[in-house]
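Trainee: Okay, sequence plus prediction incoming.
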2 protein chains.
Amino acid sequence: MVNKKVVARLSSYRTALIRFHELGFVKVFSDTLAEAVGATSAQVRKDFSLFGISGNKKGGYQTDVLIEKLQSLLGKDRVQPVLIVGIGNIGTALLKYRGFEDEGIRIVAGFDLDPTKVNRKLKVPILPADEMPDFIREQRVTIGIIAVPDAAAQAVCDTLVAAGIRGILNFAPIVLRAEEGVVVNNVNLQNELENVIYFVNTLAKQIKGK
Amino acid sequence: MVNKKVVARLSSYRTALIRFHELGFVKVFSDTLAEAVGATSAQVRKDFSLFGISGNKKGGYQTDVLIEKLQSLLGKDRVQPVLIVGIGNIGTALLKYRGFEDEGIRIVAGFDLDPTKVNRKLKVPILPADEMPDFIREQRVTIGIIAVPDAAAQAVCDTLVAAGIRGILNFAPIVLRAEEGVVVNNVNLQNELENVIYFVNTLAKQIKGK
């Protein structure tokens, strides 16, 4: 089954392969790729077989062919427009994040309720929140990032979905509800950091207890 | 077994409980809590039983007692100092992110190689990268956030661990290697967004295919 983890690994394979390609590798073996992304070579072969990609035991995978297949699977063969709602600390960072551009993702606009943040002259314009539905319909944007405070996040999610957004990356620390057929991926930064703290403290207690 | 997902849910329960408490709830039932975090009530009871927390079928859980237990489990009964390496877009956003403060996490310093970013007068000072090892030892910081470009991330990780850091939240889009006993949690923003795009495109193809 293709789940979130498999797709995350496809992204990682792709990034690693592009680097190998830049370094002049014409072919790459599953164990080299596994090493680069922190997986096992069996896992690499299993992931690729899910998508009908097979290597050659002697020669491995052809780097350029594999990159092209992954690009197509990950929707990188065309530029994907994405908008950001909430131009606070996280939203601003994502607006400027260069990692996206390299990956065929184009942030097309930011939206905020605060009129002092609106700036139509920027390369990526920041627009008033009430222009969001028309923008989504006119520009046919289907992916949105939510970076608003948690109390506002569900209402923003509803507005986005009603206007045609089909996929949401949510940074507000709440669980968003959306109709079936809409993909919501939550990134909870507090939880991620709390997780690290929890396991560090647990390990420290275990060591003390010995 | 206590895994990452369980701990993430503990964080979510805690956040929800604090809200219920603010709203005046003295007791809360597992199904109410489940609803708030997008889990099932069976899951809530199972998670709590892992830590020896049991409710009362008639009365549910006592809100204040439960909050206190979760605070202690999540290491919130004391302030946790955390440092950030790399004061670019993401690092800057995290330095200012108010969500951490509310959670007993205190960002104590930022570090950057670029001398123009250094500013000792800020409430959270930004210091030169070469002061990092001494700072970690003197202030006994055990948790670090890495937000440097991917090419520099492994070297930063090694420096942090050598100085005493035991837990790392990594935003650089590579897989970091650290010795056993060090917790590394990777947040790959590109992969998270690519995941959303992948599933939206897959769903769109399925609908078209019908």
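Mentor: Yep, it's here.

Trainee: helices or strands next to the worst-scoring helix or strand of chain A on mean pLDDT in the packing?
Mentor: Lowest by mean pLDDT, DSSP states H and E among the helices and strands of chain A is helix A:98-101, with a mean of 78. Here helix A:98-101 touches helix B:189-209, going by 3 or more C-beta pairs under 8 Å, 6 or more residues apart in numbering or on different chains; DSSP states H and E. To be clear about C-beta, it is placed using only N, CA and C from the backbone, and glycine gets the same treatment.

Trainee: So what's the gap between the least confident helix or strand of chain A and the chain middle?
Mentor: 11 Å (C-alpha atoms, centre = their mean, to the nearest Å).

Trainee: Could you export that helix as PDB, CA atoms only?
Mentor: In PDB, the C-alpha atoms belonging to helix A:98-101 read as follows (Å, rounded to 0.1, in the frame of the first residue of the first chain):
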ATOM      1  CA  ARG A  98      14.200  28.400  -0.900                       C
ATOM      2  CA  GLY A  99      13.800  24.600  -0.500                       C
ATOM      3  CA  PHE A 100      10.400  24.700  -2.100                       C
ATOM      4  CA  GLU A 101      11.500  26.500  -5.300                       C
END
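
Trainee: Stretch A:70-78: end-to-end distance?
Mentor: 13 Å (C-alpha to C-alpha, to the nearest Å).

Trainee: Just the buried positions in that stretch, please.
Mentor: Neighbour counts over stretch A:70-78 (16 or more other C-beta atoms under 10 Å in any protein chain shown) mark A:70-71, A:73-76 as buried.

Trainee: Relative to B:Phe199, how far out is the most centrally placed residue in chain A?
Mentor: Centroid-nearest residue in chain A: A:Leu169, 7.4 Å away (criterion: C-alpha atoms, centre = their mean). Per C-beta to C-beta, to the nearest Å, A:Leu169 is found 11 Å from B:Phe199.

Trainee: dump the residue contacts of A:Val6.
Mentor: By C-beta atoms under 8 Å, 6 or more residues apart in numbering or on different chains, the contact set of A:Val6 is A:47, A:50.

Trainee: what's the distance between A:Gln71 and B:Tyr198?
Mentor: Per C-beta to C-beta, A:Gln71 is found 12 Å from B:Tyr198.

Trainee: go on, A:Ile90?
Mentor: A:Ile90 is 22 Å from B:Tyr198, by C-beta to C-beta.

Trainee: Just the C-alphas of the longest strand along chain A, formatted as CSV.
Mentor: Taking DSSP state E as the criterion, chain A has its longest strand at strand A:105-112. The C-alpha coordinates for strand A:105-112 follow below in CSV (Å, rounded to 0.1, in the frame of the first residue of the first chain):
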residue,chain,number,x,y,z
ILE,A,105,6.8,24.1,-5.8
ARG,A,106,5.9,27.8,-6.4
ILE,A,107,4.4,29.8,-3.6
VAL,A,108,2.1,32.1,-5.6
ALA,A,109,0.6,34.3,-2.8
GLY,A,110,0.3,34.9,0.9
PHE,A,111,-2.9,36.0,2.6
ASP,A,112,-3.4,37.7,5.9
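
Trainee: what's it packed up against?
Mentor: Here strand A:105-112 touches strand A:80-85, helix A:89-96, strand A:126-128, helix A:132-139, helix B:189-209, going by 3+ C-beta pairs under 8 Å, 6+ apart.

Trainee: closest to B:Val65 out of the ones you listed?
Mentor: In terms of C-beta to C-beta, the element of these nearest to B:Val65 is helix A:89-96, at 33.4 Å.

Trainee: Now do that closest one against helix B:189-209, angle only.
Mentor: 80 degrees (axes from the mean of the first three to the mean of the last three C-alpha atoms, to 10 degrees).

Trainee: in helix A:89-96, what counts as buried?
Mentor: Buried residues in helix A:89-96, defined by neighbour count with 16+ other C-beta under 10 Å: A:89-95.

Trainee: Contacts (any at all) between chain B and that helix?
Mentor: Yes: if you take C-beta under 8 Å from any C-beta of the partner chain as the test, helix A:89-96 does meet chain B, through A:89-90, A:92-94, A:96.
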